[in-house]
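>>> Just need the structure, nothing else, for what follows:
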Amino acid sequence: MKLNLPLNITAADSTERTITGRIVAFEEPANASTGKVVFAKGSVEPKPVILNLEHDRTRRIGKTMEMSLAPDGMSINASFKIVNTTAGTDALIEASEGLRDGLSVEFAVSDYKIDKKSGVMRVTAGELTGVALVSEPAIRSARVSEVAASEDEEDSASTPEADTPPTEKEETVSESTDSVSTEVSVEAAHAVTAAAVNATAGVAYAKPRLEFTPGKYLENTIKAALGDDNARQYVAAAADTTDNAGLVPTRQLATVINGLATTIRPSIDAISRGTLPDAGMTFEIPKITTLPTVAETSEAGTPSETDQAAAFVTVNVKKYAGQQTFSVELMDRTSPMFYDELVRNLAAQYAAATNAAVSAALVSGATADSTTTTTYPTATELLGFVSRGAASVFNATKGLPVPYATKLIGGTGQWGNIMTLNDSGRPIYMAQNPMNAGGAVSATSLRGNVAGLDFYVDPSLNSGDADGTLIMVNPDAYTWYEGSTYQLRADVIASGQISLMFYGYGAIATKIAAGAFKNNKA
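Residues are numbered from 1 along each chain as shown. Predicted coordinates:
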């Protein structure tokens, strides 16, 4: 299994052409390509690797200078020498300007465990195979904390020494970079500031008298991206708005506003989890259907005899996939944020689709309450529903290790109603006084406690008070089996397009349908 785990850059030195940062933080939860991951202390051994661009192994931009374990043994820090190519220079500029400021470790997992309750993968062994410079780290607040080019270093850019070519030592870095991509990003040129130009190009900058027009600015940004030093000076001068108030370039921030996508999976979190078998589109689970009998028997009498019987529960494996086809122009001439946001949104939609499948299975299999309600339940009706559900689930799952319902899933409408329930005017599900507390449910959390049950708010359920908008469940009665997620990219030469597919496989096993109990609206 391969993991891509982004962390933060701590320094980018354009003069020395180095990028430094933490690549592994032990015992700290993070978002990897497979979901939530924690690296156990000592699970990663430092070793020299290649620095790739956005996990594309054909776009190598540097290699390890130094990699070491932190004094406290809880993280690994690394410094990378960046090649003296256009792609390498662009990478340094983007790191310095905060446009591409994450380091993502590439790791081949050989041993791991998955927590059944939280779904977090705990990695205990594996091999570091590479590191990538990426635009979005796992921890969104983890950005470049220091640009290792001091004020004195910037001033030295105007000295003759700053114009000297790279040393022999610097040039040796390019020996292992035969396949480095030389793609040019026009947007990278827009991010050049006067300080970045001095630190990157080593060119003395004096403010010239130039003609500032939108056309000239566009022409020079393209030339600057191609390595023209005069064009870089023009872009730097244009960025100084004290004398050029008529031409203020519009910047685009790295933060993307997205109020649509979410990766939460409440219904999956509320049930047990399992690892998907390595092959086949169906698998079977043995299930006892008839128990042998034992009864009081008279002296020399014949013992009670009933044969134990078993059957197999067949579980179907489903594929959940989505794709987008876009032009090579969109890929080549836009910010890397487009591709990152596309993959992130496809992952969110995958989460929504798999959670909806589990939610539908719970609603379909659950036993309906024999007592109906005409609208949202009152406090008394809710407690009655819980008491009846507890008995129903116990009778169906008494042979399981945990023979009772421990989880309650509700739609957003039921969530809103529960927060209003009161005892003589006192909110019973918001109170913190133990003498009055029936649970804790708040408007700022999608998790809580209702009448002793762990409560999950699931937006995939009906948002009103329909049947199945409140479900009690014994987690062991339903199990979600899931493997890794994958990305498939295909280039369509005839039309100049790129197709990206995001997909994975999962299976919901209804082991004991009556292990769930749902509300019933009249």
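
>>> All the helices of the stretch 251-400 of the chain, residue numbers only.
266-269, 328-332, 337-365, 379-397 (DSSP state H, counting those that start in this stretch).

>>> Could you dump those into a markdown table with mean pLDDT and distance to residue 113 added?
(C-beta placed from N, C-alpha, C; glycine too.) As requested, the helices of the stretch 251-400 of the chain are exported to a markdown table (pLDDT from 0 to 100; distance: least, Cβ to Cβ, whole Å):
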| stretch | mean pLDDT | distance to residue 113 |
| --- | --- | --- |
| helix 266-269 | 95 | 18 |
| helix 328-332 | 81 | 38 |
| helix 337-365 | 91 | 21 |
| helix 379-397 | 95 | 26 |
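
>>> Compute the distance between residue 347 and residue 354, please.
11 Å (Cβ to Cβ, to the nearest Å).

>>> and what of residue 227?
Taking Cβ to Cβ, one finds residue 227 at 47 Å from residue 354.

>>> higher neighbour count, those two?
Using other Cβ atoms under 10 Å as the criterion, residue 227 and residue 354 rank with residue 354 on top: 22 against 12.

>>> Now do the phi/psi pair for the closest residue in space to residue 408 that isn't next to it in sequence.
Take residue 408 and drop its neighbours on the chain: the residue closest to it by Cβ to Cβ, 6 or more residues apart in numbering is residue 453, 4.0 Å away. The phi and psi torsions at residue 453 (degrees, to the nearest 10) take the values phi -100, psi 140.

>>> ok, residue 453 touching residue 410?
No - Residue 453 lies out of contact with residue 410 (Cβ atoms under 8 Å); the separation is 10.2 Å.

>>> Which residues are in contact with the residue nearest to residue 408?
Residue 453 sits next to 386, 405-408, 439, 472 when contact means Cβ atoms under 8 Å, 6 or more residues apart in numbering.

>>> Where is pLDDT lowest across those?
Lowest pLDDT of the contacts of residue 453: residue 439, 71.

>>> list the contacts for it?
Contacts of residue 439 (Cβ under 8 Å, 6+ apart): 428-429, 448-453, 455.

>>> need these in JSON lines with distance to residue 358, can you?
Compiled in JSON lines, these are given as follows (distance: Cβ to Cβ, whole Å):
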{"residue": "428", "distance to residue 358": "30"}
{"residue": "429", "distance to residue 358": "25"}
{"residue": "448", "distance to residue 358": "20"}
{"residue": "449", "distance to residue 358": "22"}
{"residue": "450", "distance to residue 358": "20"}
{"residue": "451", "distance to residue 358": "23"}
{"residue": "452", "distance to residue 358": "23"}
{"residue": "453", "distance to residue 358": "18"}
{"residue": "455", "distance to residue 358": "17"}
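
>>> Would you map the strands across the stretch 51-200 of the chain?
56-69, 75-82, 102-114, 121-134 (DSSP state E, counting those that start in this stretch).

>>> Of those strands, flag the one that's most buried.
Mean neighbours per residue, mean count of other Cβ atoms under 10 Å, is largest over those for strand 75-82, with a mean of 22.

>>> Show the contacting residues for the closest residue to residue 18 other than its chain neighbours.
Distance criterion Cβ to Cβ, 6+ apart; nearest residue to residue 18, sequence neighbours excluded, is residue 79 at 5.5 Å. By Cβ under 8 Å, 6+ apart, the contact set of residue 79 is 18-20, 64-67.

>>> again, but for residue 488
500-501, 503.

>>> Also residue 303?
294-295, 297.

>>> if we go to 10 Å?
Counting by Cβ atoms under 10 Å, 6 or more residues apart in numbering, residue 303 touches 293-295, 297.

>>> do you know how far it is from residue 309?
For residue 303, the distance to residue 309 equals 18 Å [Cβ to Cβ].

>>> And for residue 479?
In this view, residue 479 and residue 309 are 22 Å apart by Cβ to Cβ.

>>> Tell me which of those two has more neighbours.
Neighbour totals were compared for residue 479 and residue 309, and residue 479 leads with 19 against 11 (other Cβ under 10 Å).

>>> Okay, and the more buried one sits in which element?
strand 478-492 (DSSP states H and E).

>>> tell me the mean pLDDT for that strand?
For strand 478-492, mean pLDDT rounds to 91.

>>> Using PDB, list the CA coordinates for that strand.
Once non-C-alpha atoms are left out, strand 478-492 reads as follows in PDB (Å, rounded to 0.1, in the frame of the first residue of the first chain):
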ATOM      1  CA  TYR A 478     -23.700  -4.000  10.100                       C
ATOM      2  CA  THR A 479     -20.100  -3.900   8.800                       C
ATOM      3  CA  TRP A 480     -18.600  -1.700   6.100                       C
ATOM      4  CA  TYR A 481     -15.800  -3.300   4.200                       C
ATOM      5  CA  GLU A 482     -13.500  -1.000   2.200                       C
ATOM      6  CA  GLY A 483     -10.200  -1.000   0.300                       C
ATOM      7  CA  SER A 484      -8.000   1.800  -0.900                       C
ATOM      8  CA  THR A 485      -9.000   4.500  -3.300                       C
ATOM      9  CA  TYR A 486      -7.400   4.900  -6.700                       C
ATOM     10  CA  GLN A 487      -6.800   7.500  -9.400                       C
ATOM     11  CA  LEU A 488      -6.800   6.700 -13.100                       C
ATOM     12  CA  ARG A 489      -5.600   9.300 -15.600                       C
ATOM     13  CA  ALA A 490      -6.000   8.900 -19.400                       C
ATOM     14  CA  ASP A 491      -4.700  11.300 -22.100                       C
ATOM     15  CA  VAL A 492      -7.000  11.700 -25.100                       C
END
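
>>> Heading C-terminal from it, find the next helix or strand.
That would be, after strand 478-492 and using DSSP H and E, strand 497-510.

>>> circling back: out of the helices of the stretch 251-400 of the chain, which gets nearest to residue 109?
Comparing the helices of the stretch 251-400 of the chain by their distance to residue 109 (Cβ to Cβ), the top pick is helix 337-365, with 18.7 Å.

>>> Which strands or helices does that closest one pack on?
helix 266-269, strand 318-327, helix 328-332, strand 407-410, strand 470-473, strand 478-492, strand 497-510, strand 516-518 (3 or more Cβ pairs under 10 Å, 6 or more residues apart in numbering; DSSP states H and E).

>>> in the very next helix or strand once past the fourth one, what's buried?
The first helix or strand that comes after strand 407-410 along the chain, using DSSP H and E, is helix 412-418. When burial is assessed from 16 or more other Cβ atoms under 10 Å, helix 412-418 yields the following buried residues: 412-415, 417-418.

>>> Show me the contact partners of helix 412-418.
Helix 412-418 is contacted from outside by 375-379, 382, 408, 410-411, 427-430, 438-439, 441-443, 445-446, 448, 450-451, 455-466, 469-471, 519, using Cβ under 10 Å, 6+ apart.

>>> How far off centre is that helix?
Centroid separation for helix 412-418 versus its chain: 28 Å, with Cα atoms, centre = their mean, to the nearest Å.

>>> For it, output the C-alpha coordinates as PDB.
The C-alpha coordinates for helix 412-418 follow below in PDB (Å, rounded to 0.1, in the frame of the first residue of the first chain):
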ATOM      1  CA  THR A 412     -30.600  17.200  10.300                       C
ATOM      2  CA  GLY A 413     -34.300  17.800  11.000                       C
ATOM      3  CA  GLN A 414     -34.200  15.400  13.900                       C
ATOM      4  CA  TRP A 415     -31.000  17.000  15.200                       C
ATOM      5  CA  GLY A 416     -32.700  20.400  15.200                       C
ATOM      6  CA  ASN A 417     -35.700  18.900  17.000                       C
ATOM      7  CA  ILE A 418     -33.700  17.200  19.700                       C
END
